[in-house]
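Enquirer: When you get a sec, could you give me coordinates for this:
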Amino acid sequence: MTKAISLRADYDGTAVRRLAKKARDAAQVRRLLALASIYDGCSRQYASEIGGVTVQIVRDWVVRFNERGAAGLINGKAPGGRAKLNDTQRQALAKIVESGPIPAVHGVVRWRRKDLVQWLFQEFRVSVDETTVGRELKTLGFAKLSARPRHYAQNELEGEVFKKTSPPRWQRSGRNARPERTSKSGGPTKPE
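Expert: Below you'll find the model as predicted:
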C-alpha cells in the first residue's frame, strides 16, 4: 500500500474550518470540512464519508488543495472543445462574406452556409459543419437575411392603385349621439 499524500503544512484543522465558514460554495465547504478532519487526525476513509465520495476523490481534493489552496476546491467551468477555426480563418471568412461571392470564381450568386463550408475546406483544408459556420458567422456579427420574393409581373409604378384609399369605417361620435337612458317607469331620465 502506498503512502498517502500529505496535506500542506501551512494550514491546520482550525484554519481550514475558518475557510469553510467564509466560503459561499456548498461543494467547497463540504470538501474543506473533509480536509479539516484529515488535519485533525481522522482517516481518509472517514473524510470520504464526510464528503460523500470515495477515497480516490479525497486524494484528488488533497492534490488540488496543496496546489491552489481553498480556491482549488471550487468547481470550475469545463474548458470545452477546441475551436474549429482559428483567428486567421475567422477573419478570412468575414472578409469573403463581406465582399460577397463572385459568380465566375465561386460558382454561386449568394453565400449559403453549405457554400462557405466548401470554401473553408478548399481554402484551409478545415472540415466544419454548417451549424458551426452559422455559429461563427453569428459570433462575427453577421445576421441571416433573405430577400422577400417578388412576383415576376409586379410593377412598382402600379402599386399605388392597389393601396387602400377608403376612409376608415369607424368615426368618433358626437356628444349628442348617445342614446338617452330610460328609467324603470319608461320615461327619459335627467342627465347627471
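
Enquirer: Over to L73: give its phi and psi.
Expert: phi -100, psi 0 (degrees, to the nearest 10).

Enquirer: contacting residues for it?
Expert: 27-28, 31-32, 35, 61, 64-65 (C-beta atoms under 8 Å, 6 or more residues apart in numbering). Placement of C-beta: from N, CA and C, glycine included.

Enquirer: Over to A23?
Expert: 29, 32, 70.

Enquirer: hmm, try it at 6 Å
Expert: Listed by C-beta atoms under 6 Å, 6 or more residues apart in numbering, the contact set of A23 reads V29.

Enquirer: what's the answer for N66, then?
Expert: R8.

Enquirer: Now it: which helix or strand?
Expert: Here N66, judged by DSSP states H and E, is contained in helix 55-68.

Enquirer: buried ones in that helix?
Expert: Using 16 or more other C-beta atoms under 10 Å as the test for burial, helix 55-68 gives 58, 61-62, 64-66.

Enquirer: just the residues you listed now: which is nearest R169?
Expert: R64 (74.8 Å; C-beta to C-beta).

Enquirer: Got phi/psi on the residue nearest to the closest one when sequence neighbours are not counted?
Expert: Spatially, and ignoring its direct neighbours in sequence, R64 is nearest to G72 (3.8 Å; C-beta to C-beta, 6 or more residues apart in numbering). As for G72, its main-chain torsions (degrees, to the nearest 10) stand at phi -70, psi -10.

Enquirer: which secondary element of this protein has the worst mean pLDDT?
Expert: Lowest by mean pLDDT, DSSP states H and E among the helices and strands of the chain is helix 103-106, with a mean of 87.

Enquirer: Packing partners of the following helix or strand past that helix?
Expert: Following helix 103-106 in sequence order, the next helix or strand is helix 113-124 (DSSP H and E). When contacts are defined as 3 or more C-beta pairs under 6 Å, 6 or more residues apart in numbering; DSSP states H and E, helix 113-124 packs onto helix 130-139.

Enquirer: Just the buried residues of the helix it packs on, please?
Expert: In helix 130-139, counting by 16+ other C-beta under 10 Å, buried: 132-133, 136-137.

Enquirer: Among those residues, which one lies nearest to L93?
Expert: Using C-beta to C-beta, those come closest to L93 at E136, 6.5 Å.

Enquirer: need the contact list for S43.
Expert: Counted by C-beta under 6 Å, 6+ apart, S43 has zero contacts.

Enquirer: Quick check on it: phi, psi?
Expert: Dihedral angles (degrees, to the nearest 10) for S43: phi -80, psi 160.

Enquirer: Against R135, how distant is it?
Expert: 50 Å (C-beta to C-beta, to the nearest Å).

Enquirer: Any stretches of this structure with poor pLDDT?
Expert: Residues of the chain meeting the criterion pLDDT under 70: 1, 146-153, 155-168, 171-192.

Enquirer: quick one: the helices in it?
Expert: Listed in chain order, the helices of the chain (DSSP state H) span 13-22, 26-39, 44-51, 55-68, 87-99, 103-106, 113-124, 130-139.
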